[in-house]
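Asks: Make a model of this:
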Amino acid sequence: MKGLKVLPLVISSVALGLMPAAHAKQDNTLSNNQVFAKWTGPYEGVPAFDKVKLEELKPALEHGMANNLAEIEAIANNPEPPTFANTLEAYEAAGKDLDRVYAYWGIWSSNMSSPEFREIRSEMSPKLSAFYSKITQNKKLFARIKAVYEGKEMKTLRPDQQRLLEKTYLGFKRSGAELNGKEAKRYAEINQRLSQLQNQFSNNVLADEEGYVTFFSKKQSAGLPESYLGAAAAAAKSKGKEGQYAVSNTRSSMSPFLTYADDRELRKQVWTNYYSRGDNGGEHDNNAIIAEILKLRHERVGLLGYKNYASWQLESRMAAKPENAMKLMESVWPAAIARVDQEIADMLEIAKTDGVEKIEPWDYRYYAEKVRKAKYDLNSDEVKQYLQLGKLREAMFYVAERLFNYKFTRVAEGSVPVFHPDVKVWEVTDKTTGNHIGLWYLDPFARKGKRSGAWATSYRSHTTFEGKTNVLSSNNSNFVKGEPGKAVLISWDDAETYFHEFGHALHFLSSNVAYPSQNRGVRDYTEFQSQLLEHWLSTDEVIDNYLRHHKTGKPMPAELIAKIKKAASFNEGFATTEYLASALIDMKLHSTDPSNIDPDKFERETLAAMNMPSAIVMRHRTPHFSHIFSSEGYAASYYGYLWAEVLTADAAEAFANAPGGFYDKGMAKKLVDHLFSVRDAVPPAEAYVKFRGREANIEALMRLRGFPIPKK
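Replies: From the prediction side, this is the model:
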């Protein structure tokens, strides 16, 4: 589905503190701790992924927190009058050591999780929460920030500095900085409990992903393409079931199985395993955890005077308030479910010949594929033969070169440490000047201990206020690793996701901001840049040069390209509805009084009231909706993918209508200057108007989806 790819969150750090002399003795005890060690080696220093040990994480994190609190105290108790330099810039300058710790913490959390790490994370999560509360509730620090914010110096600052000051001030205020006594104590207690619950939620989902694997035999493999069976056989062998096939409980394994497998009962089993994650009863069930999370979030924002969590969350987003987000979603929802009715009608014409009278959720992908073949003469597996993972990576590099003037060069094996043999690294330079920009790490394959989905992160961000730093960016996927020596083939949707996540990496790499915290994004805007990059997958230059048959090497035939473009909005009812259902449930969960909430019942009854088609389920059912319950970044903000897609569709039309099309040099320069390099140093709405010359509207989105444009 164009534009609605999921980006799971990686833990982010607040700019905190450096090591004070008072902790020199403790530092001696950590002299051999590689987690806390300064990054050395080439490219301005890189993480020592090859040396760190799991047992080093906890002491390094504890030491880093202690140091940071001491540094914060030094800023808060500075006897000099508060200024932007001695307060805001001092705050931004702090935290380098802890940031290094977080780089490793994030790897163990997302790419290399283990029962031992999960125990450490469970222990440290409430401690981390208490640590952050000590900073946001530091009265002296907030008083200094407020004094600068309300003082005369504010008017003399550069626009990016004014934005930094305003966001920092409001961030503290929205995090309970003005609370006192019992309310401040309760606020901190809630944060600690939420950190425990969100961590437990994440662990439960991962346990169900690892605990439910479907094995099947050759007799049950009818309909499945050779490329899938090869990977499934390798997966079964790795699990001690040589001679069988395995469907892992991840989207990248589940989705193609449901698309091609003829065995309906086996499809139902695979579907049930996947969509029941966190909802199986027993120790890994998430329903009680969800109820408590919702209650605590509601109570916490109530302490700040907000009527519900969604109102608090959206105050700092582009949407500004829940009503604006709901208006957008509800303007698209009727067209989406109406399209589903049409899609089901087309499916039933074929399904009835198989004796199937009703399309169930485990049938949708299967019969949609048959309709695709019948209606457009388009076979997804035929398309897949031209979508080689390696070639697609080359295509992404080509796009980056044409738009950003970047050159990607593979670094020599062993010259940059990696945390797993699958991880490869490229140096990124300016093609014209040869100037070094940063590194790009790629971890493409699924494995035990790696959470599902696809995401991007960075180990170091670009800044200039203390001297220019390079960028260490990373893309992570869960493609099923094929047989040795054979090309890894992926679906068109997965190829879009690959481009999407690379868009995030380009956003990191193109940063030209001064301050570390301005590399963070506004949640309902940060998906825009990555969604936009998906559109380059279907450009003629990429198709003609990089979509090559994995056996013959021949380019994709013109007639197949024509079929792909003709079917561009095919199955859009399914794609939009499964996403929007999740986004609407998220917003409704965080807008209601959760006092007596039963999450399963709420999901079921709310979807029924929305006329949710019975043949489709939410993209992320509530018990495994990690975006909103394993952290707070997307909570009451999952709508942000659609909000950003309004911008995406509008910006894509601007490129399509430019003299040079999607590779127009003038448009590319505006893209980099106004949409990528500024990160969060410029308000998103202002940045978009500078790029487009006007605000975006919904019409382009509806045209892209093939939906009727709502009447005004």
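
Asks: got the residue ranges for the strands in the stretch 601-712 of the chain?
Replies: For the stretch 601-712 of the chain, none of the segments meets the definition of strands by DSSP state E, counting those that start in this stretch.

Asks: So, low pLDDT: which residues of it?
Replies: Using pLDDT under 70 as the threshold, the predicted model of the stretch 601-712 of the chain has low-confidence ranges 712.

Asks: do the same with the stretch 151-300 of the chain
Replies: Using pLDDT under 70 as the threshold, the predicted model of the stretch 151-300 of the chain has no low-confidence range.

Asks: could you pull out the helices for it?
Replies: When assigned using DSSP state H, counting those that start in this stretch, the helices of the stretch 151-300 of the chain occupy the ranges 159-174, 181-211, 226-238, 251-260, 264-275, 287-303.

Asks: how about these, which one is nearest residue 384?
Replies: The closest approach between residue 384 and any of the helices of the stretch 151-300 of the chain, judged by Cβ to Cβ, belongs to helix 226-238 at 6.7 Å. For the C-beta atoms, the positions are set from N, CA and C on the backbone; glycine is no exception.

Asks: Mind giving me the packing neighbours of that closest one?
Replies: In terms of contacts (3 or more Cβ pairs under 8 Å, 6 or more residues apart in numbering; DSSP states H and E), helix 226-238 is packed against strand 245-247, helix 251-260.

Asks: let's see it at 6 Å
Replies: In this structure, helix 226-238 packs against strand 245-247, with contacts taken as 3 or more Cβ pairs under 6 Å, 6 or more residues apart in numbering; DSSP states H and E.

Asks: Could you say which of the helices of the stretch 151-300 of the chain is packed most deeply?
Replies: helix 251-260 (a mean of 22; mean count of other Cβ atoms under 10 Å).

Asks: What residue in the protein is the furthest from its centre?
Replies: residue 79 (42.2 Å; Cα atoms, centre = their mean).

Asks: could the helices of the stretch 151-300 of the chain go into CSV alongside distance to residue 673?
Replies: Rendered in CSV, the data for the helices of the stretch 151-300 of the chain read as follows (distance: least, Cβ to Cβ, whole Å):
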stretch, distance to residue 673
helix 159-174, 14
helix 181-211, 38
helix 226-238, 41
helix 251-260, 36
helix 264-275, 42
helix 287-303, 37
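
Asks: Residue 555: which of the ones you listed is closest?
Replies: Proximity to residue 555, assessed across the helices of the stretch 151-300 of the chain by Cβ to Cβ, is greatest for helix 226-238 (19.2 Å).

Asks: Pull the distance from the closest one to the chain's centre.
Replies: Remark: helix 226-238 is offset 27 Å from the chain centroid, using Cα atoms, centre = their mean, to the nearest Å.

Asks: what's the spacing between the spatially closest residue to residue 338 that is not a sequence neighbour and residue 699?
Replies: Closest residue to residue 338 in three dimensions, ignoring its sequence neighbours and counting by Cβ to Cβ, 6 or more residues apart in numbering: residue 573, at 7.6 Å. Taking Cβ to Cβ, to the nearest Å as the criterion, residue 573 is separated from residue 699 by 19 Å.

Asks: Over to residue 158?
Replies: Between residue 158 and residue 699 the distance is 36 Å, computed by Cβ to Cβ.

Asks: likewise residue 514?
Replies: When distances are taken as Cβ to Cβ, residue 514 and residue 699 turn out to be 37 Å apart.

Asks: higher neighbour count, these two?
Replies: Neighbours of residue 514 and residue 699, each counted by other Cβ atoms under 10 Å, are more numerous for residue 514; the result is 18 against 14.

Asks: where does the more buried one land in three-state SS?
Replies: Following DSSP: H, G, I helix; E, B strand; the rest coil, the label given to residue 514 is coil.

Asks: Let me know the helix or strand that residue 344 is in.
Replies: Element membership for residue 344 (DSSP states H and E) is helix 322-351.

Asks: what inclination does the following helix or strand past that helix have with respect to helix 251-260?
Replies: Tracing the chain C-terminally past helix 322-351 and defining elements by DSSP H and E, one meets helix 364-376 next. Comparing the axes of helix 364-376 and helix 251-260 via axes from the mean of the first three to the mean of the last three Cα atoms, to 10 degrees yields an angle of 60 degrees.

Asks: Using PDB, write out the CA atom coordinates for the helix or strand just after helix 364-376.
Replies: Under the assignment DSSP H and E, the closest C-terminal helix or strand after helix 364-376 is helix 380-384. Taking C-alpha atoms only, helix 380-384 is exported to PDB below (Å, rounded to 0.1, in the frame of the first residue of the first chain):
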ATOM      1  CA  SER A 380       2.200 -10.800  -8.200                       C
ATOM      2  CA  ASP A 381       4.600 -13.700  -8.300                       C
ATOM      3  CA  GLU A 382       5.600 -12.700 -11.900                       C
ATOM      4  CA  VAL A 383       6.300  -9.200 -10.700                       C
ATOM      5  CA  LYS A 384       8.300 -10.600  -7.800                       C
END
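
Asks: After helix 380-384, which helix or strand is next? Please name it.
Replies: Under the assignment DSSP H and E, the closest C-terminal helix or strand after helix 380-384 is helix 389-404.

Asks: what comes up buried for that following helix?
Replies: Neighbour counts using 16 or more other Cβ atoms under 10 Å place 389, 391-393, 395-400, 402-404 of helix 389-404 among the buried residues.

Asks: Stretch 284-293: how far from the chain's middle?
Replies: For stretch 284-293 - counting by Cα atoms, centre = their mean - the centre lies 22 Å from the chain centre.

Asks: just the CA coordinates of it, formatted as PDB?
Replies: Output in PDB follows, covering the C-alpha atoms of stretch 284-293 (Å, rounded to 0.1, in the frame of the first residue of the first chain):
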ATOM      1  CA  HIS A 284       1.500 -13.300  27.300                       C
ATOM      2  CA  ASP A 285      -2.000 -11.800  27.000                       C
ATOM      3  CA  ASN A 286      -2.000  -8.000  26.700                       C
ATOM      4  CA  ASN A 287      -5.600  -7.000  27.400                       C
ATOM      5  CA  ALA A 288      -5.200  -6.200  31.100                       C
ATOM      6  CA  ILE A 289      -2.000  -4.300  30.300                       C
ATOM      7  CA  ILE A 290      -3.800  -2.200  27.700                       C
ATOM      8  CA  ALA A 291      -6.600  -1.300  30.100                       C
ATOM      9  CA  GLU A 292      -4.100  -0.200  32.800                       C
ATOM     10  CA  ILE A 293      -2.000   1.800  30.200                       C
END
